[in-house]
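Enquirer: I would like the atomic coordinates for the input below:
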Amino acid sequence: MTVDDFPAPSEGLVVTHFLTVRDVEVSREFYAAIFGGQVIRAENPATVRVANTWIIMNPGGGPTPDKPDVVLRPPEPGDPVSAFLNVRVADIAAFYADARAKGAHFLTEPQDRGAELRCYLSDPDGYLIEIGQTTGLLHGITADQGRA
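Expert: Have a look, this model is predicted:
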């Protein structure tokens with residue numbers, strides 16, 4: 001690992017995404033394999049660079065002095081979704097085929113939404129990940145207002 005690989009800016013800021021996971025190794029390997037990520041740290045916390053961002057993964061746990069009323073845990077099946085990763089790709093058909101071949105579980109095949117092609121997959125802990133390819137939006141076509 002070099003300083004340039006780790007999300008520690010010398011000025012300004014950088015945004016990363018933290019996931020509370022059940023099995024750090026399984027999640028780390030998922031993000032490295034499915035998204036072509038570079039493992040920066042294997043654990044404590046696991047850090048995988050994916051394109052222009054970093055996914056940071058650690059097990060859950062109880063409150064700490066800097067977050068005294070917060071408990072971290074991965075989602076349970078059936079939990080409502082309040083946030084998800086949004087990944088934009090240049091060729092959704094190619095990404096979909098490659099990720100499926102690597103074992104990714106998609107909710108549906110890519111769907112044409114007018115403004116974009118998109119589909120969703122879930123990671124080993126059940127986190128939702130939107131995969132999208134911008135299409136019509138580049139030509140002024142927006143998605144139907146009734147469909148989120």
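
Enquirer: can you point out the buried residues in stretch 44-52?
Expert: Neighbour-count burial for stretch 44-52, counted by 16 or more other CB atoms under 10 Å, picks out 45-50. All C-beta spots, glycine's among them, are computed from the backbone N, C-alpha and C.

Enquirer: of those, closest to residue 8?
Expert: residue 47 (10.5 Å; CB to CB).

Enquirer: how about the contacts made by the closest one?
Expert: 6-7, 39-41, 54-57 (CB atoms under 8 Å, 6 or more residues apart in numbering).

Enquirer: looking at those, which are in strands?
Expert: Of the positions in the contacts of residue 47, 39-41, 54-57 sit in strands, assigned by DSSP state E.

Enquirer: same list (these) but as a markdown table, adding distance to residue 111 and pLDDT.
Expert: Formatted as a markdown table, these follow (distance: CB to CB, whole Å; pLDDT from 0 to 100):
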| residue | distance to residue 111 | pLDDT |
| --- | --- | --- |
| 39 | 32 | 97 |
| 40 | 33 | 95 |
| 41 | 36 | 95 |
| 54 | 29 | 96 |
| 55 | 25 | 97 |
| 56 | 30 | 97 |
| 57 | 29 | 97 |
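
Enquirer: quick one: residue 31 is in a helix?
Expert: Yes: counting by DSSP: H, G, I helix; E, B strand; the rest coil, one finds residue 31 located in a helix.

Enquirer: my guess is it contacts residue 48. True?
Expert: Yes: in this structure, residue 31 is within contact of residue 48 by CB atoms under 8 Å, at 4.5 Å.

Enquirer: overlap in contacts of the two?
Expert: 37, 55, 57.

Enquirer: which residues are in contact with the residue nearest the centre of the chain?
Expert: Centroid-nearest residue in the chain, with CA atoms, centre = their mean: residue 85, separated by 4.2 Å. Taking CB under 8 Å, 6+ apart, we find residue 85 in contact with 17, 127-130.

Enquirer: can you rerun that using 6 Å?
Expert: residue 129 (CB atoms under 6 Å, 6 or more residues apart in numbering).

Enquirer: and the pLDDT at it?
Expert: Residue 85 carries a pLDDT value of 96.

Enquirer: please apply the same query to the one 10 residues further on.
Expert: The confidence metric pLDDT takes the value 98 at residue 95.
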